[in-house]
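Student: The following block contains a protein sequence and its predicted model.
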Amino acid sequence: GDSVTQMEGPVTLSEEAFLTINCTYTATGYPSLFWYVQYPGEGLQLLLKATKADDKGSNKGFEATYRKETTSFHLEKGSVQVSDSAVYFCALSDNGGSNYKLTFGKGTLLTVNP
Amino acid sequence: KAGVTQTPRYLIKTRGQQVTLSCSPISGHRSVSWYQQTPGQGLQFLFEYFSETQRNKGNFPGRFSGRQFSNSRSEMNVSTLELGDSALYLCASSSTGTSQYNEQFFGPGTRLTVL
């Protein structure tokens, strides 16, 4: 079945540091890939997405590129802010058969210190 | 446009009881999905409804059930509650009506505590 593996946290960075959160996936078809963010006490918000190989999703300074050859979708940001502190989830949706559900990674807690 | 709303936001129940959670999707969205979030298992898919029909179901026991009404609002029910059912239950809505995947928008969740 489909699965998503992302780096375990927690990740603690100083403000303006570079961020990378690794994500790899296993899927039978050609999935769409997503990064969601969850702030304390809130639901999930879509951060960015990519629907085919070599697509780059970007939003709020975050980027991730769909790499089919390495089955990866790593999240990066050049300069993090305290307000980026949250839990980040990598997810996929298989566009083959059952495309009505998201399969999530375990989540990575990011803490950014001033 | 109003977002996905879930009620109640917090619930405390005891073992053996049953509970019903409600989700109102974004206006115009016809698909509603439910997820369970726990520290140990992470986010797990429960089921998805579209136009009052369950289209997909995750690997949860039959104690977990759901339904969708003609106005697209959805409810999920958990019977004979167990301690392990304590979780954040998230609802997500999507406009999807075709095979093309559409973005899912999440509500704030219902925090269920089973004592």
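Tutor: Ah, there it is. Numbering: from 1, shown residues only, chains lettered A, B, ... in the order given.

Student: Apart from its chain neighbours, what residue comes closest to the residue nearest the centre of chain B?
Tutor: Nearest to the mean C-alpha position of chain B, by CA atoms, centre = their mean, lies B:Trp34 at 3.0 Å. Residue nearest to B:Trp34 in three dimensions, not counting chain neighbours: B:Leu46, with 4.1 Å by CB to CB, 6 or more residues apart in numbering or on different chains. Heads up, the C-betas are built off the backbone N, CA and C, glycines and all.

Student: hang on, that neighbour packs against B:Ser65?
Tutor: No. Using CB atoms under 8 Å, B:Leu46 is not in contact with B:Ser65, being 9.5 Å away.

Student: Need the overlap of contacts for these two.
Tutor: Common neighbours of B:Leu46 and B:Ser65 (criterion: CB atoms under 8 Å, 6 or more residues apart in numbering or on different chains): B:Met76.

Student: who's more crowded, the two?
Tutor: Set B:Leu46 next to B:Ser65 and count neighbours by other CB atoms under 10 Å in any protein chain shown: B:Leu46 wins out with 22 against 17.

Student: Let me see the contact set for the more buried one.
Tutor: For B:Leu46, the contact set (CB under 8 Å, 6+ apart) comprises B:33-36, B:57-58, B:60, B:64, B:66, B:76, B:89.

Student: that older thread, which SSE is the residue nearest to the centre of chain B in?
Tutor: In this assignment (DSSP states H and E), B:Trp34 forms part of strand B:31-38.

Student: Next, the contact list for A:Asp55, please.
Tutor: Contact analysis of A:Asp55 by CB under 8 Å, 6+ apart lists A:65-66.

Student: please redo it, this time with the cut-off set to 10 Å
Tutor: Shown in contact with A:Asp55 (CB atoms under 10 Å, 6 or more residues apart in numbering or on different chains): A:32-33, A:48-49, A:64-68, A:73.

Student: Now tabulate those in TSV and tack on secondary structure, distance to A:Ala86 and neighbour count.
Tutor: Formatted as TSV, these follow (DSSP: H, G, I helix; E, B strand; the rest coil; distance: CB to CB, whole Å; neighbours: other CB atoms under 10 Å in any protein chain shown):
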residue	secondary structure	distance to A:Ala86	neighbour count
A:Ser32	strand	22	24
A:Leu33	strand	19	27
A:Leu48	strand	14	20
A:Lys49	strand	17	20
A:Ala64	strand	16	26
A:Thr65	strand	21	17
A:Tyr66	coil	22	21
A:Arg67	strand	24	16
A:Lys68	coil	28	13
A:Phe73	coil	18	30
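
Student: For chain B, tell me which of the residues you listed show up nearby.
Tutor: Subset of the contacts of A:Asp55 in contact with chain B: A:32, A:49, counting by CB under 10 Å from any CB of the partner chain.

Student: Farthest pair within the contacts of A:Asp55?
Tutor: The widest separation within the contacts of A:Asp55, taken as CB to CB, falls between A:Leu48 and A:Lys68 and amounts to 17.2 Å.

Student: any idea where the strands of the chain begin and end?
Tutor: Just going to use chain A. Per DSSP state E, chain A has strands spanning A:3-6, A:11-14, A:19-21, A:23-26, A:32-38, A:44-50, A:56-59, A:62-65, A:75-77, A:86-93, A:103-104, A:108-113. These are given in chain order.

Student: Hmm, no, I was thinking of chain B.
Tutor: Applying DSSP E to chain B gives strands spanning B:5-7, B:10-13, B:19-24, B:31-38, B:42-50, B:53-57, B:64-68, B:74-78, B:87-94, B:105-106, B:110-114.
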